[in-house]
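Undergrad: The sequence and its predicted three-dimensional model are supplied below.
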Amino acid sequence: MLMLLRGRRTPEKYSRFISPERVSKLLKNNGRRKIVFITRNPDEKPGKNVSLLWISSIEHPKAINPRKLHVIEQKVWDELNRENAVVVLDGLEYLLLENGPETTLRFVGKLRDMAILTNSNIYIVVSEAIDEKIRNLLRRIVE
């Protein structure tokens, strides 16, 4: 299950579920629009305009520790300030496991705020593994 969240400057709100195939298509055929892709998979082969942020707890020069949400926030903010971009968060379950629900949901709220400020979009992959309570809180935060 994938949730699309659109940041806007106007009070209008937009939210819907889309398929994982849509994310794959978005990453491969993104055109000119910049994409910031936050993922657990370092082998992902994104398109040319995709900035990959790999979250992992192993020590690696290209990995960002999932407990250092401030580092992820700063990298996303830098990309959004450079140019209007789309943020794709794949790995929400991992962040929930590493940081707990309260901290992770606060982080998602910050990503949403950044998207609103830059008039960007944010996509969040939400699997069935996330319980209904967390899913409902997530909906309330991002809408």
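TA: In hand now; what should we look at?
Undergrad: So which elements touch the helix or strand where I124 lies?
TA: Using DSSP states H and E, I124 sits in strand 121-125. Counting contacts by 3 or more Cβ pairs under 8 Å, 6 or more residues apart in numbering; DSSP states H and E, strand 121-125 is packed against strand 2-6, helix 20-28, strand 85-89, helix 101-117, helix 132-142. From N, CA and C alone the C-beta is placed, and that goes for glycine too.
Undergrad: Looking at the ones you listed, spot the one closest to R40.
TA: strand 85-89 (10.7 Å; Cβ to Cβ).
Undergrad: Kindly compare burial across the helices and strands packed on strand 121-125 and name the winner.
TA: Counting by mean count of other Cβ atoms under 10 Å, strand 85-89 has the highest mean neighbour count of these, with a mean of 24.
Undergrad: Which strands and helices lie in contact with that one?
TA: When contacts are defined as 3+ Cβ pairs under 8 Å, 6+ apart, strand 85-89 sits against helix 20-28, strand 34-39, helix 69-82, helix 101-117, strand 121-125.
Undergrad: for this structure, what helix or strand is lowest in average pLDDT?
TA: Here the helix or strand of the chain ranked lowest by mean pLDDT, DSSP states H and E is strand 15-18, holding a mean of 42.
Undergrad: So for this protein, the centremost residue is which one?
TA: The structure's the chain has its C-alpha centroid closest to L89; by Cα atoms, centre = their mean the separation is 2.3 Å.
Undergrad: in the sheet, who's paired with the closest residue to Y123 other than its chain neighbours?
TA: Closest residue to Y123 apart from its sequence neighbours, by Cβ to Cβ, 6 or more residues apart in numbering: V88 at 4.6 Å. Judged by DSSP bridges, the bridge partners of V88 are F37, Y123.
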